[in-house]
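> After the sequence you'll find the predicted model.
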Number of protein chains: 2
Amino acid sequence: MKRVITISRQFGSGGRTIGKNLAERLGISCYDNELIEELAAKSGFAKNYVAEKGEYIERNMFFNAISYGRSSLPTNQDYLWNIQSKIIMDIGKKENCVIVGRCADYLLRDTADCLKIFIHSDMEKRAERIVKIYGESSEAPEKRLKDKDKRRRTYYQFYTDMQWGDMKNYDIALNSGALGIDKCVDIIASAY
Amino acid sequence: MKRVITISRQFGSGGRTIGKNLAERLGISCYDNELIEELAAKSGFAKNYVAEKGEYIERNMFFNAISYGRSSLPTNQDYLWNIQSKIIMDIGKKENCVIVGRCADYLLRDTADCLKIFIHSDMEKRAERIVKIYGESSEAPEKRLKDKDKRRRTYYQFYTDMQWGDMKNYDIALNSGALGIDKCVDIIASAY
């Protein structure tokens, strides 16, 4: 089995930077959301999805109705979830790597040797960080953080049936605000 | 400020063993529940408590009533809490060390440079461990674990007003069942 470091993270906690630096340190690839979305856009799945959208909707509606008991229609997100899942499963079979976000810990639970990481930090440090990185916004940084966390939590729980940010789902949970980005990289590298 | 590693842990997760091995590795002392209770029993506080028990009850009843809004009487545990708190505060001023349990992370939050650790593990691995270490019991290991965790959680929340086992309260949370005891020691030592 390939050894995969999966990083879940609160928005603004620096999880993505930690993933990139860690992968560089270990000489392996880092796949983050952007890269996975890019792969999805380039893949045959994406083309199929566009081509067979009509049929796909019908099948998914039925599947979702019996599996999740949902009343709402499947969204574009559901298609992207299917495509990304397949891409992540393929990556996890192919190489040792770091994967940031996208429920990789859940998707690879049986097919890769995963070191499951969660990165969190207090609201104040995260607010500082997102203003520094993403710039000012008309919304207060605390509101942006809460909204993003909520969306990540909902996404994770919807697709995995597991609790996002519940430490029992992770091997290592680190407070990047208290420890700093570099120390987090050191700790994960030493555990790997 | 002294550098103190505080270890909170689920029952049966090996937190105490990790604390002992870690302290040995770092050449510092490890204070666990037993040692702190022993210090309390030997201390002048304990003698005072025994001697002035009557007066102490009166003062505590009033204090608790206005502070916590409690209706129940203060227990022996409240006295022991006061004594142990003082002992832990003194230790935290005196030396770099490891302290296992007893809400040390909370008690030393302003007076020591704390590295706050939480050790957890899945039920199955913990059940194996407590049967191996504490032997068989008439109670099923899962029941003992749940009961012990519940009592630790209640104790912690009662005295600190904080959530036990909520990862945002810790710098590093480790799954000892997945990582193993030795790897946990390595990780904490490297972070310290």
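Cool, got the structure. Residues are numbered from 1 along each chain as shown, chains lettered A, B, ... in the order given.
> Quick check: residues of chain A near chain B?
Contact residues (Cβ under 8 Å from any Cβ of the partner chain) of chain A with chain B: A:116, A:118, A:120, A:122, A:165, A:167-168, A:170-175, A:178-179, A:183, A:186-187, A:190-191. Yep, even glycine has a C-beta here, placed from its N, CA and C like the rest.
> Recalculate using a threshold of 10 Å.
Counting by Cβ under 10 Å from any Cβ of the partner chain, chain A comes close to chain B at A:10, A:114-116, A:118, A:120-123, A:165-179, A:183-184, A:186-191.
> Generate a PyMOL selection restricted to the buried subset of those.
With 16 or more other Cβ atoms under 10 Å in any protein chain shown as the criterion, this PyMOL line picks the buried residues out of those:
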select buried, chain A and resi 10+114+115+116+118+120+121+123+165+167+168+169+170+171+172+173+174+175+176+177+178+179+183+184+186+187+188+191
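> Work out for me the element the residue of chain A found nearest chain B sits within.
Using Cβ to the nearest Cβ, the single residue of chain A nearest to chain B is residue A:173, 3.8 Å away. Following DSSP states H and E, one finds residue A:173 within strand A:172-175.
> swap in residue A:185?
Per DSSP H and E, residue A:185 falls inside helix A:181-191.
> pLDDT of that helix, averaged?
Average pLDDT, helix A:181-191: 95.
> what's the answer for stretch A:125-132, then?
91.
> just how off-centre is it within its chain?
When distances are taken as Cα atoms, centre = their mean, to the nearest Å, stretch A:125-132 is centred 20 Å away from the chain's centroid.
> what sits against the spatially most central residue of chain A?
In chain A, the residue lying closest to the centroid (Cα atoms, centre = their mean) is residue A:101, at 1.3 Å. Residue A:101 sits next to A:6-9, A:15-16, A:19, A:31-34, A:36, A:84, A:88, A:152, A:155-156 when contact means Cβ atoms under 10 Å, 6 or more residues apart in numbering or on different chains.
> any idea how far residue A:34 is from it?
10 Å (Cβ to Cβ, to the nearest Å).
> Spit out the residues that contact those two alike.
Common neighbours of residue A:101 and residue A:34 (Cβ under 10 Å, 6+ apart) are residue A:16.
> Surely residue A:146 is in contact with residue A:130?
No: applying Cβ atoms under 10 Å, one finds residue A:146 not in contact with residue A:130, separated by 11.7 Å.
> Which of these two has more residues huddled nearby?
Taking neighbours as other Cβ atoms under 10 Å in any protein chain shown, residue A:146 and residue A:130 compare with residue A:130 leading, 19 against 13.
> How about the contacts made by that one?
Residue A:130 touches A:11-13, A:136-137, A:141-142, A:144-145, A:148, counting by Cβ under 10 Å, 6+ apart.
> Quick one: residues contacting the residue nearest to residue A:97 when sequence neighbours are not counted.
Counting by Cβ to Cβ, 6 or more residues apart in numbering or on different chains, residue A:29 is the residue found nearest to residue A:97 once chain neighbours are left out, at 4.6 Å. Residues near residue A:29 by Cβ under 10 Å, 6+ apart: A:23, A:35, A:91, A:94-99.
> Many thanks, I have nothing further to ask.
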